[in-house]
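> test case, fold it:
(chains A and B)
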Amino acid sequence: MPAPGQSAPPVPGLASGRPTLIVFFETDCPTCQLALPYLNKLGAGVIGISQDSEAATREFVRQMGITFTVQLDPGLKITRAYGPQSVPTIFLVGGDGVVQRSLEGFDKAGLNELAAALGHPPIAPEHDGAPAWKPGCSSRHLEPESAGPDAGSAVLLRTTAEPATRLSVPDGEDPFAFCMEHFGDALPVIPPTEERVQKMLAVCGLPPLNLGPREIVARVPPVYGEATVEKIAANAVMAGCAPEMMRVLVPLVRAACDERFNIHGVQATTHFAAPLVIVNGPVRHSLGFWSKQNVFSNVARANSTLGRALQLVLLNIGGGRPTGIDMSALGNPGKFSYCIAENEEENPWEPLHVARGLSSGQSAVTLFAGEPPHGVSEHNARRGKTVLKNICQALATVWSYRMCMMHEAVVVLCPEHVKTLHRDGFTRQQVREFLFENTGTPVRHYEHEEDRGEGMQLIPHYREIMIDGERCYQKFRAPESLHIVVSGGTAGKFSAVIGSWATGPTGSQMVTYEVE
Amino acid sequence: MPLTLVSPMNETVVKASAPPARLTSPAGKKIGLLDISKPGGSFFLDRLEQILRERYQVAEIVRAKKPTYTKNAPDAVIEQLRGLDAVVEALAD
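Numbering: from 1, shown residues only, chains lettered A, B, ... in the order given. Purely as a prediction, here's the structure:
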């Protein structure tokens, strides 16, 4: 592989005088299918080198919408001259014909650096549903057995799909009954007529979304159905969304399909988990999201329909059938709709999306794979610490009482509890740290256990701490395992704890996406 | 006039493959045992391995383990199992 500073081997079309990216790819490599459409934004500064046949390459270029020049590499001669270990590998060749650097696999930060080297703004946004990094596949010339000239995947990660099928409701048949029978969950839905879907699509075609109806926003697990803008719109109609809600629903579907959130596991698990949507920022007011009394209930069309639209997308496009691949033992009422907004007006601290890296002027959706809310009543305490100690005892029961270090929780603080905490000088971070340091399970509850129930097998990984003079195993891994949200009405000292499903890189990680 | 609706359902074309023929006997075959990393899966597979070796004289046992039960098996795990005659997956706790 030519090192930086070495001359670039010849490539047809490589012109001197300007920097160029040379990208080696295979048509059946999922990472190539993910990475190459990003390079479209760099126009003439890119040359693709396909390691596959002309037919497979032509199909790849068509389905992926590739607009830059692509060269075939019969006999893999160019590939051997450059010698990439894996694909995609991108070489940045300067105007003087010298290799400046190379980038292997899919790497958003690296792609943005290459774009900058060509004088372009960033091409790989952080929050577009794709992972920050994904390794590539072995380069074709290093494979022990050549996949042959016709190598190529039948199912490419294409960027657009065919229009949705049109269905006719026979004359005389009630369209609501038709929809109940053919799609949706156990509740009635609004029939997705062409006229209604068109109103949704009109919003999508305008800034900030600028999306055509056939564009694929995400592939929704567990069946990895292609969620085109049109299909998302049809589900939004069924859920009762206002057309403007597409501004929120599209990034929400991207967020749900972010690999870090692992909706594949969330949809299929036997656990209670359902995606909890938390809305922050100015969009709460512009689209009418509710953040006050009854925030988890049935107040606002915006909350109810956004949560329901996401569930319908997961069900109808993702295939998470509650009588099939969604194997939850007891389920979760949130699978009809599970969407709250933060009551930022009653929050003296930074709101959730700001704590997660966005600015207060931005709007955002955050997803957490959670159980139903577990209420914590504390009406007598006069001190913030006492309020938090009460919440600690509820937090100790997350997943199960003796299971430690594995899970996380959203703590929804009601405005009255927040007032007490703020008056006592607590910051948001101090609330997290207090809950972290004071939540645990007494060691005596692990003793004299003959059956070695859940939580016992992980004791070697637990951390022993003292809480109120008693030896305890610490419940959570870190203060960051606790996500603080202020929401609900100003009367009633009821907060809530929402336990997680499996967490971290081997489970589901909270994700926050900007709503433009 | 009939009402026209836009299908909200998944219409992604999936390329399906026919399943291979069932083995008539595990004797002399290469058998993979896949642990999905749920607690207790190894007990089941340990016992199964013992039975396959003692009663059925399998030619080879390949033990593989997913890093987490919450996600699809990564390519490296699939590669371990490629080319075997059969795979038994231990699913639950």
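> run a quick neighbour tally on the residue lying closest to residue A:65 once chain neighbours are set aside.
The shortest distance from residue A:65 to any non-neighbouring residue, by Cβ to Cβ, 6 or more residues apart in numbering or on different chains, is to residue A:159 (4.9 Å). In this view, the C-beta of every residue, glycine as well, is placed from N, C-alpha and C. Residues lying near residue A:159 (other Cβ atoms under 10 Å in any protein chain shown) number 17.
> what's the answer for residue A:10, then?
With other Cβ under 10 Å as criterion, residue A:10 counts 9.
> would you confirm that residue A:130 contacts residue A:31?
No - if you go by Cβ atoms under 8 Å, residue A:130 and residue A:31 don't touch, sitting 10.4 Å apart.
> joint contacts of the two?
residue A:106 (Cβ atoms under 8 Å, 6 or more residues apart in numbering or on different chains).
> wait, what's in contact with the residue in chain B that chain A sits nearest to?
At 3.2 Å from chain A, residue B:10 is the closest residue in chain B, using Cβ to the nearest Cβ. Neighbouring residues of residue B:10 by Cβ under 8 Å, 6+ apart: A:220, A:223, A:225, A:226, A:231, A:316, A:317, A:318, A:319.
> ditto for residue A:49
Going by Cβ under 8 Å, 6+ apart, residue A:49 touches A:11, A:22, A:23, A:24, A:25, A:70, A:71, A:73, A:78, A:79, A:82.
> list the contacts of the third one.
Residue A:23 is in contact with A:35, A:36, A:39, A:46, A:47, A:48, A:49, A:88, A:89, A:90, A:91, counting by Cβ under 8 Å, 6+ apart.
> pull up the pairing partners for the host helix or strand of the last one, direction included.
Think residue A:91. Residue A:91 is part of strand A:89-93, with elements assigned from DSSP states H and E. Using DSSP bridges, strand A:89-93 pairs in its sheet with strand A:20-25 (antiparallel), strand A:99-104 (antiparallel).
> avg pLDDT for the last one?
Confidence for strand A:99-104, expressed as mean pLDDT, is 95.
> can you tell if the helix or strand following that strand touches chain B?
Remark: after strand A:99-104, the chain's next helix or strand is strand A:106-107, criterion DSSP H and E. No - with Cβ under 8 Å from any Cβ of the partner chain as the criterion, chain B is not reached by strand A:106-107; the gap is at least 14.7 Å.
> what sits up against strand A:106-107?
Applying Cβ under 8 Å, 6+ apart, the contact partners of strand A:106-107 are A:31, A:34, A:35, A:88, A:130, A:131, A:132, A:133, A:134, A:135, A:136.
> the residue in the stretch 201-350 of chain A that chain B sits nearest to: neighbouring residues, count only.
When scored by Cβ to the nearest Cβ, the stretch 201-350 of chain A has residue A:225 as its residue closest to chain B, at 3.2 Å. Per other Cβ under 10 Å, the neighbour tally for residue A:225 reads 24.
> which non-adjacent residue is nearest it?
Sequence neighbours aside, residue B:10 is the residue nearest to residue A:225 in space, at 3.2 Å (criterion: Cβ to Cβ, 6+ apart).
> any low-confidence regions in the chain?
With no chain named, the answer covers chain A. Applying pLDDT under 70 to chain A picks out residues A:144-156.
> my question was about chain B, not that one.
B:16, B:92-93.
> the lengthiest helix in chain A and chain B, are they touching?
Secondary structure assigned by DSSP state H gives helix A:301-316 as the longest helix of chain A. Yes - legend: contact between helix A:301-316 and chain B by Cβ under 8 Å from any Cβ is shown at A:312, A:316.
> roughly how far is that helix from the heart of the chain?
16 Å (Cα atoms, centre = their mean, to the nearest Å).
> export only the CA atoms of it, formatted as CSV.
Written as CSV, here are the backbone C-alpha positions of helix A:301-316 (Å, rounded to 0.1, in the frame of the first residue of the first chain):
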residue,chain,number,x,y,z
ARG,A,301,-52.0,15.0,20.2
ALA,A,302,-48.3,15.7,19.6
ASN,A,303,-47.0,13.3,22.3
SER,A,304,-49.6,10.7,21.6
THR,A,305,-49.3,10.6,17.8
LEU,A,306,-45.5,10.8,17.6
GLY,A,307,-45.1,7.9,20.0
ARG,A,308,-47.7,5.9,18.2
ALA,A,309,-46.3,6.7,14.8
LEU,A,310,-42.9,5.3,15.9
GLN,A,311,-44.6,2.2,17.2
LEU,A,312,-46.5,1.7,13.9
VAL,A,313,-43.2,2.1,12.0
LEU,A,314,-41.5,-0.5,14.2
LEU,A,315,-44.5,-2.8,13.8
ASN,A,316,-45.4,-2.4,10.1
